[in-house]
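Peer 1: what follows is a predicted structure for the sequence shown.
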Amino acid sequence: MARVRLIDVAELAGVSMKTVSNVVHNYPHVAPALRKRVQTAIDQLGYRPNLTARRLATGRTGMIALAIPEIDHPYFSELSRHIAEEATRRGYRVLIEQTLSDPVAERSVLSDREAGLVDGVIFHPVRMDSLDIAKLDSGTPLVLLGEAAMPVMTDHVMINNVSAALDATRHLLARGCRRIAFLGVVAADITGSTNQRLLGYQQGLLEAGVQLDPGLVFTASEFTAEAGLRSVVEATERGALFDGVVCRDDRFAIGALKALHDSGRSVPGDVAVVGWDNTFLGAYTSPTLSSVAPDKAAIAAAAFSLLEERIAGYRGVGRHMIVGHSLEVRESAPIAP
């Protein structure tokens, strides 16, 4: 079957090739009725833009890359959906790359950008530090996500993890909890977020005049629900007394809920539990899970806005944007009566 050309769409829609091009590139100054007619012709013929021709004509491909540590992590899968939806609204397509927090894979995200496949990159690094990123910066527009590296010349979007953990701890304190645990610390953790969340938790306790107890900072072997379950079981077996838990992610929180259920302790009656990331899992646990909720849609919108400004030619110092968060209150830690 012959490839459908721009001129074929123009002839079917009865418009100029320039008008079709304006619709394809999502330019705003096209009358709604005209845009609908062109889009109908595009859909009818199955027209797909020629990316090579587009790059030769405009210097752009209309594609961006999204590099994340884990595709199957609930937080990253939900964030990816928001970024893909934002891309569609802005007329871009997204290539998703999984790094598995491997340093070689992370460096490849930056060093391979010179191939010209994408107009820009949204990247959540874990292993790479600011100097690594600065050394590999090829000039291709880049926006970073997460709590790790923040190079001076690179844009960066994140939530305030310290403030969010402080909010979660205050919520449990308001319920009357005084023996609040933190789940948890993983050996050789290189994510950058755990320490910030631990700090916010500690600040909340000190603010309320509650003495810090190192025995209530639980350790885990890895970032899984199973590891969270084992951590709570081990803490209980060694005699740790706690009436609340701030978890560094929803997977740990789900493990904690099961461990408490298996031991006969009620949630939230005996122990109130707060997770983190407000992933879809929390609405289906028993009891349903209260969770720190990063504004994923705002993260996606902020990252894309910064990236588009870079694509358009901005070459200034990096902008570091803090987006909002909230606490999704459900059954595992309801508001105090």
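Peer 2: Looks like it came in fine. Residues are numbered from 1 along each chain as shown.
Peer 1: can you tell me the element Val185 falls in?
Peer 2: Using DSSP states H and E, Val185 falls within strand 180-186.
Peer 1: how distant is that strand from the center of its chain?
Peer 2: Here strand 180-186 shows a centroid-to-chain-centroid distance of 21 Å under the convention CA atoms, centre = their mean, to the nearest Å.
Peer 1: cool, stretch 24-34 as well?
Peer 2: 31 Å.
Peer 1: CA atoms of the next helix or strand after the strand holding Val185 as CSV?
Peer 2: On the C-terminal side of strand 180-186, the nearest following helix or strand under DSSP H and E is helix 193-207. Only the C-alpha atoms of helix 193-207 are listed here, as CSV (Å, rounded to 0.1, in the frame of the first residue of the first chain):
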residue,chain,number,x,y,z
SER,A,193,14.0,10.5,48.7
THR,A,194,14.1,8.3,51.8
ASN,A,195,16.4,10.6,53.8
GLN,A,196,14.2,13.6,53.0
ARG,A,197,11.1,11.7,54.2
LEU,A,198,12.8,10.5,57.3
LEU,A,199,13.8,14.0,58.1
GLY,A,200,10.2,15.3,57.7
TYR,A,201,9.0,12.5,60.0
GLN,A,202,11.6,13.4,62.6
GLN,A,203,10.8,17.1,62.4
GLY,A,204,7.1,16.3,63.0
LEU,A,205,7.9,14.3,66.2
LEU,A,206,10.3,17.0,67.6
GLU,A,207,7.7,19.7,66.8
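Peer 1: count of neighbours near the nearest residue to Gly228 once chain neighbours are set aside?
Peer 2: Nearest residue to Gly228 in three dimensions, chain neighbours excluded: Gly255, at 2.8 Å (CB to CB, 6 or more residues apart in numbering). In this view, the C-beta of every residue, glycine as well, is placed from N, C-alpha and C. Gly255 has 24 neighbouring residues, counting by other CB atoms under 10 Å.
Peer 1: ok, Glu97 next?
Peer 2: Neighbours around Glu97, by other CB under 10 Å: 16.
Peer 1: which residues touch the residue nearest to Gly228?
Peer 2: By CB atoms under 8 Å, 6 or more residues apart in numbering, the contact set of Gly255 is Thr224, Ala225, Glu226, Ala227, Gly228, Leu229, Arg230, Ser231, Val232.
Peer 1: nearest residue to the residue nearest the centre of the chain in space, please, no chain neighbours.
Peer 2: When CA atoms, centre = their mean is applied to the chain, the residue found nearest the centroid is Leu79 (4.4 Å). Leaving aside its sequence neighbours, Leu79 sits nearest to Lys296 (CB to CB, 6+ apart; 5.1 Å).
Peer 1: all helices of the stretch 151-300 of the chain, in order?
Peer 2: Taking DSSP state H, counting those that start in this stretch as the test, the helices found in the stretch 151-300 of the chain are 161-174, 193-207, 225-237, 250-262, 296-311.
Peer 1: follow-up on the earlier one: from the contacts of Gly255, pick the one nearest Glu309.
Peer 2: Thr224 (38.2 Å; CB to CB).
Peer 1: count the neighbours of the nearest residue to that closest one once chain neighbours are set aside for me.
Peer 2: Nearest residue to Thr224, sequence neighbours excluded (CB to CB, 6+ apart): Arg251, at 6.0 Å. Using other CB under 10 Å, Arg251 is surrounded by 26 other residues.
Peer 1: no more questions from me, cheers.
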